[in-house]
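1. Using only what follows, build the 3D model:
(one chain, ligands or ions: 1)
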Amino acid sequence: MTSPSSAADYRVIASRLAFPSRAYIDGSWHEATSGRVFENINPATGAVLGTVAHCDAAEVDKAVGAARRSFEDGAWSRAAPEERKAVLLRLADLVREHAEELAVMESLDSGKTIKDCLNEIGHEVPTFFQWYAELADKSFGKVAPTGEKTVAMIVKEPVGVVGLVLPWNFPLLMAAWKLAPALAAGCSAVLKPAEQTPLTALRLAELATEAGLPAGVLNVVPGFGETAGQAIGRHNDIDVVSFTGSTEVGAYFLKYASESNLKPVGLEMGGKSPFIVLEDADIDDALISSAINAAFWNGGQNCSANMRQIIDLKVKDTFLHRVLEKTRALVVGDPLDPGTDLGSMVSAEHQSRVLSYIEAGKSEGARLLAGGGASAGLPGCFVDPTVFDGVTPAMRVAREEIFGPVLGVIGANGVEEALKIARDTDYGLHATIFTRDIDKAFHLAKRLPCGTVAVNGFTEGNVTTPFGGYKRSGSLARDNGTEAVEQYLQTKTIWVSLR
Ligand code: NAD
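-> Residues are numbered from 1 along each chain as shown. Here you go, the predicted model:
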């Protein structure tokens, strides 16, 4: 087949895929000791893709044992940084080579559109491995200023075995966000993908071995939160946990740590982010595309979704008119069709949760202008892109994370009222501001308590810029940028008294 370009082409690739079904521990495949498996379902069709090992504490313990052995033997943790760099660069290349296969696998597993999967896996995931590979031999320690009778060195060492627990919304990208800096730092990892989307992380582990990663450095344990996830959180031989997921589960990881070995826990969690349009903003194509992307990208299953769109009353009618035009043109449907804009929700359970929020919005008095329910005529867990006007800050749809394709418009009278509404949230992950006035842009950017503020364009930043939340969206730890590596390093002082 030449370069695939249609749903039919991607279905051919899908028909040839071999889905991973077992845990990857110490460089080889393992069934769960209990013999249990769980079904892996394509949410866009309801078809069972296969079964996957239902790992629990026994496999986590086995994986931690392999990770610890590999960490102590030093083949990775004490390898020269340029050796780690070479392996991670090979892994980046292998992901690029297998991008179509991985993207189709991810789309089938999650209901995400092939367009998004190709972008994430063909471009972003390899960029992460490449960027952190390049960083591996460019980070240095320091020598502290002391008198001439002393040398005091401050060195950074890999922290040891890290537990990485992932969500389902960007399965392979989140794996890369965590793994690339952890591996570049020299750590060994036990990674648990979300139970809804275990496939691409398992395939990645196999590719990492092909790239030259020593056995035991990357172990992937598919399983559920309360079993495998909790076992990672409570394991006494895991040195650090990095978690991305809901705020509720992030809190469990703090409890697990406090009841086990006090491991540090990096948390990247939910959001309820504002998209602010001031009266001087040009309501042009770029702004409307940003508004649509901010709410509907990945079907709204996005931690930084800017669902609360706070629009100055002077431009609200124009904004709504154009947003509705664009919303109605969005294509919801077959995730394998490159023309599809919104795929399926990740599961039937999540679809019901999103639909219940839409019902809450209707019953609380928000004005439904588009969408408002499950997509008619489609077999899987689809939800139509939904627009509400007349949302007020007290409504549940304005306070709780929906994690679905819902855009809610809240009118604001001037910049200070917009700021007050934007700040009125328990979360602090992201915000977007549209204005032509640089003073107002900086005023808002500095007063918004959140990890990323995008001005005049919706974006999460890129590999170079740290990503994480304030308040209930995160801990001090950050993914991305040089900051991410800090989660996986500890600082040692070597104080030498000269004779
Ligand atoms: P989730 O919290 O339900 O699950 C995340 C992971 O935690 C999964 O691997 C799950 O198996 C595990 N888990 C669940 N219950 C557990 C328990 N009791 N003990 C241990 N582990 C447990 O989140 P999700 O539904 O997979 O993902 C959606 C959430 O993730 C949203 O809140 C979203 O905002 C957040 N998210 C945040 C970011 C970020 O960078 N801030 C990025 C993506 C997603």
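
2. tell me which parts of the stretch 351-499 of the chain are close to the ligand?
-> With Cβ under 6 Å from any ligand atom as the criterion, the stretch 351-499 of the chain meets the ligand at residues Glu401, Phe403, Leu429, Gly469. All C-beta spots, glycine's among them, are computed from the backbone N, C-alpha and C.

3. how about those, which pair is most distant?
-> Greatest spacing in these, by Cβ to Cβ: Phe403 and Gly469 (14.9 Å).

4. Where does the most centrally placed residue in the chain fall, secondary structure wise?
-> In the chain, the residue lying closest to the centroid (Cα atoms, centre = their mean) is Met174, at 4.3 Å. For Met174, the element it lies in under DSSP states H and E is helix 171-185.

5. how many other residues sit next to Asp93?
-> The local packing of Asp93 (other Cβ atoms under 10 Å) involves 15 other residues.

6. ok, the closest residue in space to it that isn't next to it in sequence - contacts?
-> Spatially, and ignoring its direct neighbours in sequence, Asp93 is nearest to Pro126 (7.3 Å; Cβ to Cβ, 6 or more residues apart in numbering). Contacts for Pro126 (Cβ atoms under 8 Å, 6 or more residues apart in numbering) come out as Ala92, Asp93, Val95, Arg96, Ala99.

7. how about a cut-off of 10 Å?
-> Leu89, Leu91, Ala92, Asp93, Leu94, Val95, Arg96, Glu97, Ala99, Ala176, Ala180 (Cβ atoms under 10 Å, 6 or more residues apart in numbering).

8. What distance do you get for it to Asp109?
-> 19 Å (Cβ to Cβ, to the nearest Å).

9. And Lys440, by the same measure?
-> As judged by Cβ to Cβ, Lys440 and Asp109 stand 43 Å apart.

10. More neighbours: which of the two?
-> Neighbour count, other Cβ under 10 Å: between Lys440 and Asp109, Asp109 has more, with 26 against 19.

11. Check whether the closest residue to Ala58 other than its chain neighbours sits in a helix, strand or coil.
-> Nearest residue to Ala58, sequence neighbours excluded (Cβ to Cβ, 6+ apart): Thr33, at 4.4 Å. With DSSP: H, G, I helix; E, B strand; the rest coil as the basis, Thr33 sits in coil.

12. Now for Thr33, how many residues are close by?
-> Thr33: 15 neighbours (other Cβ under 10 Å).

13. can I assume it is in contact with Ala63?
-> No. Judged on Cβ atoms under 10 Å, Thr33 makes no contact with Ala63 at a distance of 11.8 Å.

14. Which neighbours do these two have in common?
-> By Cβ under 10 Å, 6+ apart, Thr33 and Ala63 have these common neighbours: Ala23, Cys55.

15. Pull the contacting residues for Ala251.
-> Leu267, Met269, Arg472.

16. That one - that's part of a helix, no?
-> Yes. The assignment for Ala251 by three-state DSSP puts it in a helix.

17. when you give positions from now on, start the count at 626
-> Taking 626 as the first residue, the last one we looked at is Ala876.

18. gap between it and Gly858?
-> 11 Å.

19. what is in contact with these two at once?
-> With Cβ under 10 Å, 6+ apart, Ala876 and Gly858 have no common neighbours.

20. can you count the residues close to the closest residue to Ala711 other than its chain neighbours?
-> Take Ala711 and drop its neighbours on the chain: the residue closest to it by Cβ to Cβ, 6+ apart is Gly837, 7.4 Å away. Gly837 has 14 neighbours, counted by other Cβ under 10 Å.

21. Dihedrals phi and psi, Gly837?
-> phi 110, psi 10 (degrees, to the nearest 10).

22. quick one, what contacts it?
-> Contacts of Gly837 (Cβ under 10 Å, 6+ apart): Trp701, Glu708, Arg709, Ala711, Val712, Leu713, Arg715, Leu716.

23. Contacts only, for the fourth one.
-> Right, Ala711. Ala704, Ala705, Ala758, Ala761, Ala836, Gly837.

24. State the distance from the residue nearest to Ala711 to the ligand.
-> To the ligand, Gly837 is 28 Å away according to Cβ to the nearest ligand atom, to the nearest Å.

25. now Leu1003
-> Leu1003 is 22 Å from the ligand, by Cβ to the nearest ligand atom.

26. How many residues are close by the closest residue to that residue other than its chain neighbours?
-> Leaving aside its chain neighbours, Leu1003 sits nearest to Gly958 (6.3 Å; criterion: Cβ to Cβ, 6+ apart). Residues contacting Gly958 under the criterion other Cβ under 10 Å number 20.

27. Thank you, goodbye.
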